[in-house]
Structure formats: structure tokens, C-alpha cells
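Asks: Generate coordinates for the sequence data below:
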Amino acid sequence: GAMKRAVNALLKNIDRISLIRNKVLLIGATNHPQLLDEAAWRRFDEVIPFDLPDIQTRELILRRLLIESNTEVDIPNIAKNTDGFSGADLKMLVREAILSALTDGRSEISTEDVKKGESLIKTRDEHRARNWI
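Replies: Modelled structure (predicted):
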């Protein structure tokens, strides 16, 4: 219900402005295109889908996120185990791993910390999937 109200409010606001007269370029993004109805899709002239990062891209993202961290985790293995993760998911995984290490009074991120972060993301996604169906 809340999602439907938010989408309807967005559509009303889009309809209130003249994109040409007001010189507005509207760009929208969603991780959940299946939740948008035809009325929402009609308001966009072009749709450009972006796939989730592949294993090499996930590895690059993880290296970038962990560049200043004190860790010796196996980044290629993490990239392999995070199929289906978005860049935002990887960022949250790293954040959770850092918090796990800090909570234990450590400055180095361990493989176990990373597994905790990975598990948290997967559990969150499973919970969301059950509630959206």
C-alpha cells in the first residue's frame, strides 16, 4: 500500500510540470521494475536496463570498497559468492563486515566478518521477496 501511494504521488508530481517549458530532464531509477505499473512506464520516453555486476565487476567494486581497510580476505572468493548482489549490496556487506570487526574490538576485517555481512544481505533479500509476493 505504501509503495503504491508513493508511486501515485510521484506520477502526480511528474504530471504537474511541463518538462519542455520548465526545461526539466527527468531521470528515474528503480531496482524493482516489476512494481511499476503501465501508467508509470508511459511517462518515460526511454528505458535503459542495467544488469547487476558480473563477477569481475563485483571484484573491482569490492577492491575499491576495501582499499583503505585492514584486511586480507579473499576478494575473488567474495565476488564469486555474491552473485546477484548490486553495488549497493556490496557496499552494505563491507559496512557490516567493518561493524562486525569493530564490535569485536578488532581493526582487521576477517573472512567471518564478511560472511556475516553476506548473510545479512541474503537474509534481507529473502525477507523482502516474501513480503513482495
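
Asks: what are the ranges of the strands in this protein?
Replies: For the chain, the strands defined by DSSP state E occupy 70-71, 108-109.

Asks: mean confidence score for the first one?
Replies: Going back to what we said before, that points to strand 70-71. The average pLDDT within strand 70-71 is 88.

Asks: do the last one as well
Replies: The average of the pLDDT scores along strand 108-109 is 94.

Asks: How about stretch 118-130?
Replies: The pLDDT scores in stretch 118-130 average 79.

Asks: Please apply the same query to stretch 40-50.
Replies: Average pLDDT, stretch 40-50: 86.

Asks: buried set for it?
Replies: For stretch 40-50, the neighbour count (16 or more other C-beta atoms under 10 Å) marks residue 40 as buried. (Glycine included, C-beta is placed from N, CA and C.)

Asks: who's in contact with that stretch?
Replies: By C-beta atoms under 8 Å, 6 or more residues apart in numbering, the residues outside stretch 40-50 that reach it are 7, 10, 11, 14, 15, 26, 28, 33.

Asks: Could you list which residues are in contact with the second one?
Replies: Taking C-beta under 8 Å, 6+ apart as the contact definition, residue 10 lies against residue 40.

Asks: re the thing from before, to residue 37, which of the strands of the chain lies closest?
Replies: Of all the strands of the chain, the one in closest proximity to residue 37, counting by C-beta to C-beta, is strand 108-109 (42.3 Å).
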